[in-house]
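Visitor: Sequence and predicted structure, then a few things I'm wondering about:
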Amino acid sequence: MKDSFKTRMTVLAQAVLLSIAGSAYADDTTALEYASVSELSAQMERNELTSVALVKHLQARIETLDKQGPAIHAIMELNPQAIDIATALDQERQDGQVRGPLHGIPVLLKDNIDTADLMQTSAGSLAMVGQPASNDAFIVKQLRDAGAVILGKTNMSEWAYVREMGLPHGWSGRGGQGKNPHVLDGEICGSSSGSAAGVAAGFAPLSIGTETNGSITCPASANGVVGVKPTLGLFSRSGIIPITRLQDTAGTLTRTVQDAALMFNALQGVDASDATIDDVPVGVDYTALLSTEALSGKRIGYPVEYLGPDGRELQPSVEFTQAMATLEAQGATVVPLKVRLPDIANYFPVLMAGMKHELPEYLASRSGLSIQTFQDLIDFNALNPGPEGYGQQMLDAINKLDMSHAQASELFTAINASFKEAIDEQLTDHNLDAMVADADGFSQFSAAVAGYPAITLPSGMTDDGIPTSLFFYGPRWSEPKLLALAYSYEQASLKRQNPAFQQP
């Protein structure tokens, strides 16, 4: 009887927490937890809000909803120095020294991004727990210089979903199983699962994720937020645990397109230690083209069929059909396309070879860890399987792979060129400003392999309360135009919804 009573009380307590989160918060867009950067900054300028008060508010919310209640498990750990940082930034504001739009604004970082503080950088792996990184990643330095408060690290699919085939998305040995804040047993996707879920749940207005292929796109779609994957090389990869620089990039996860553009302004810049791209644009104002009229007169292509051995004809969802109607209502011409899919026979071995050679290089930059080689990692996992008992099939396969980094680079160059050509021929042949797709996976995959920029943003909700999304992509360095097109659609549709924390 006591156990039954305790169970009922636990369920009741969770129901109360969910009621607070799903009712009082979910419909109140002016609440601090769902406010935009511009709204928060305006309150700080009017002395109605301090960075310290905002940080404390979000910390309390994380304790209530991430660690208790629905237990989203989006946050790996909070930064114990966040209040001190916010205090110093509030003092700067009082002294008339405002660094920019991100001054005093909390930001979450995926757990594969180095911070030279008291937090771990582990890629979700218990094998990586030890001495914190000795240097900030380049993009972390940029965020600190812009006045952002590093609030904490987010959970992620362990090793960016490169541990074992078939593991649940959003799970890591260190962070546990992440949940989708809209529907708690829904797909959270990965590997930037916590970065997307944390923003969706109102734990911070801004977060950073990383993508090799789909790791920003998919969680942004699943969690109903705005995810932007830049052109390969626009953001520095220094200080980020790699899969491979052949395709890795950091990217943004936010609740609005404008907030993403503000982050792009802060994160652009040339990193001499990551000089793999020699024509990176600098000094760009990524907010300059944002306009509700940006879609007017534009030609936007969308796939109706994919051609090739893995191709198929597409059946558009209701939400995608509605999104196309919104684009047309905003003055765009939408053009149906039959899109060619290049061969990907060598693609995955190439990425895995990249990780085999690049991860040990990263490990050599860290001290105080229990592993320094791929074999060390394999051995650690074998001795420490964890309560779930998950395996490491993919890590084993990578460790045994016989392909040099030079061979991988050569093969990837050819694959990358074929995907660029496939996208470019559509843009050129149909005189398109950009392309757009449903969350079909094919377009997302193509943009990632090509190294082209892409934006995922909410397009609605299914009857089951699952977010749907629209995916804009275009040629190299087209981020300003893509952000403008996405902003115009966003403002016309207003499809993003705060999560209901719906129980299974």
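Guide: It's in. Numbers count the residues shown, from 1 in each chain.

Visitor: how about residue 152, what does it touch?
Guide: 62, 75, 76, 77, 78, 79, 82, 108, 109, 119 (Cβ atoms under 8 Å, 6 or more residues apart in numbering). To be clear about C-beta, it is placed using only N, CA and C from the backbone, and glycine gets the same treatment.

Visitor: Wait, a helix at it?
Guide: No. Assessed with DSSP: H, G, I helix; E, B strand; the rest coil, residue 152 is strand; it does not lie in a helix.

Visitor: mind checking how far it is from residue 115?
Guide: When Cβ to Cβ, to the nearest Å is the yardstick, residue 152 and residue 115 sit 10 Å from each other.

Visitor: Then residue 428?
Guide: From residue 428 to residue 115 the distance is 43 Å (Cβ to Cβ).

Visitor: Which of these two has more residues huddled nearby?
Guide: Neighbour count, other Cβ atoms under 10 Å: between residue 428 and residue 115, residue 115 has more, with 25 against 10.

Visitor: Which secondary structure element is home to the more buried one?
Guide: Under DSSP states H and E, no helix or strand contains residue 115.

Visitor: is it true that it touches residue 122?
Guide: No. Counting by Cβ atoms under 8 Å, residue 115 does not reach residue 122; the two are 11.4 Å apart.

Visitor: Residue 112: neighbouring residues, count only.
Guide: Residues contacting residue 112 under the criterion other Cβ under 10 Å number 31.

Visitor: What sits closest to it if chain neighbours are left out?
Guide: residue 241 (4.0 Å; Cβ to Cβ, 6 or more residues apart in numbering).

Visitor: show me the contacts for the one you found.
Guide: The contact partners of residue 241, by Cβ under 8 Å, 6+ apart, come to 112, 113, 114, 121, 123, 128, 160, 359, 362.

Visitor: Could you do residue 118 as well?
Guide: Applying Cβ under 8 Å, 6+ apart, the residues contacting residue 118 are 79, 80, 81, 132.

Visitor: The residues you listed, buried ones only, as a ChimeraX selection?
Guide: Selection of the buried residues among these in ChimeraX, burial being defined by 16 or more other Cβ atoms under 10 Å:
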select :79,132
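
Visitor: Any chance of JSON lines for the contacts of residue 118, columns pLDDT, secondary structure and distance to residue 417?
Guide: Below are those laid out as JSON lines (pLDDT from 0 to 100; DSSP: H, G, I helix; E, B strand; the rest coil; distance: Cβ to Cβ, whole Å):
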{"residue": "79", "pLDDT": "98", "secondary structure": "coil", "distance to residue 417": "42"}
{"residue": "80", "pLDDT": "98", "secondary structure": "coil", "distance to residue 417": "47"}
{"residue": "81", "pLDDT": "98", "secondary structure": "coil", "distance to residue 417": "45"}
{"residue": "132", "pLDDT": "98", "secondary structure": "coil", "distance to residue 417": "40"}
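
Visitor: Quick one: the contacts of residue 118 as CSV, columns for distance to residue 251 too.
Guide: Shown next, in CSV, are the contacts of residue 118 (distance: Cβ to Cβ, whole Å):
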residue, distance to residue 251
79, 21
80, 27
81, 25
132, 24
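
Visitor: between the contacts of residue 118, which is closest to residue 216?
Guide: Closest approach to residue 216 among the contacts of residue 118 (Cβ to Cβ): residue 79, at 22.1 Å.

Visitor: give me the element residue 245 is part of.
Guide: Using DSSP H and E, residue 245 falls outside every helix and strand.

Visitor: Below-threshold pLDDT in the stretch 1-150 of the chain: ranges please.
Guide: For the stretch 1-150 of the chain, residues meeting the criterion pLDDT under 70 lie at 1-30.

Visitor: Now do the helices in it.
Guide: 2-19, 37-45, 51-62, 82-94, 138-145 (DSSP state H, counting those that start in this stretch).

Visitor: how far does the last one sit from the chain's center?
Guide: I take that to be helix 138-145. 17 Å (Cα atoms, centre = their mean, to the nearest Å).

Visitor: Between helix 82-94 and it, find me the angle.
Guide: Inter-element angle recorded for helix 138-145 and helix 82-94: 50 degrees (by axes from the mean of the first three to the mean of the last three Cα atoms, to 10 degrees).

Visitor: that older thread, which neighbours do residue 152 and residue 115 have in common?
Guide: Residues touching both residue 152 and residue 115 by Cβ under 8 Å, 6+ apart: 79, 109.

Visitor: thinking again about what came up before, tell me the one among the contacts of residue 152 nearest to residue 146.
Guide: Proximity of the contacts of residue 152 to residue 146 (Cβ to Cβ) peaks at residue 109, which lies at 13.8 Å.

Visitor: residue contacts, the residue nearest to the closest one when sequence neighbours are not counted?
Guide: Of all residues not flanking residue 109 in the chain, residue 208 sits nearest, at 5.1 Å (Cβ to Cβ, 6+ apart). Counting by Cβ under 8 Å, 6+ apart, residue 208 touches 107-110, 113, 139, 143, 195, 250-253, 263.

Visitor: can we see that at 7 Å?
Guide: 107, 109, 110, 113, 139, 195, 250, 252 (Cβ atoms under 7 Å, 6 or more residues apart in numbering).

Visitor: ditto for residue 360
Guide: So residue 360 contacts 373, 374 (Cβ under 7 Å, 6+ apart).

Visitor: Now do it against residue 150, distance only.
Guide: Using Cβ to Cβ, residue 360 is found at 27 Å from residue 150.

Visitor: try residue 63
Guide: In terms of Cβ to Cβ, residue 63 sits 18 Å off from residue 150.

Visitor: And for residue 325?
Guide: In terms of Cβ to Cβ, residue 325 sits 41 Å off from residue 150.

Visitor: Looking at these two, which one has more neighbours?
Guide: The neighbour comparison of residue 325 against residue 150 (other Cβ under 10 Å) goes to residue 150, with 24 against 12.

Visitor: quick one: that one and residue 113 touch, right?
Guide: No. Taking Cβ atoms under 7 Å as the definition, residue 150 is not a contact partner of residue 113, at 9.6 Å.

Visitor: Now do the shared contacts for those two.
Guide: Counting by Cβ under 7 Å, 6+ apart, the common neighbours of residue 150 and residue 113 are residue 140.

Visitor: Please give me every residue in contact with residue 236.
Guide: Neighbouring residues of residue 236 by Cβ under 7 Å, 6+ apart: 138, 139, 271, 274.

Visitor: So among those, which ones count as buried?
Guide: 138, 139, 271, 274.

Visitor: Closest one of the residues you listed to residue 49?
Guide: Among the buried ones among the contacts of residue 236, and counting by Cβ to Cβ, the member closest to residue 49 is residue 139, at 26.0 Å.

Visitor: What separation do you get for the closest one and residue 466?
Guide: Look at residue 139 and residue 466: by Cβ to Cβ, they are 31 Å apart.

Visitor: what's the answer for residue 265, then?
Guide: In terms of Cβ to Cβ, residue 265 sits 32 Å off from residue 466.

Visitor: same thing with residue 275?
Guide: Applying Cβ to Cβ, the value for residue 275 to residue 466 is 42 Å.

Visitor: Check residue 325 too.
Guide: 21 Å.

Visitor: Residue 247 too?
Guide: Using Cβ to Cβ, residue 247 is found at 28 Å from residue 466.
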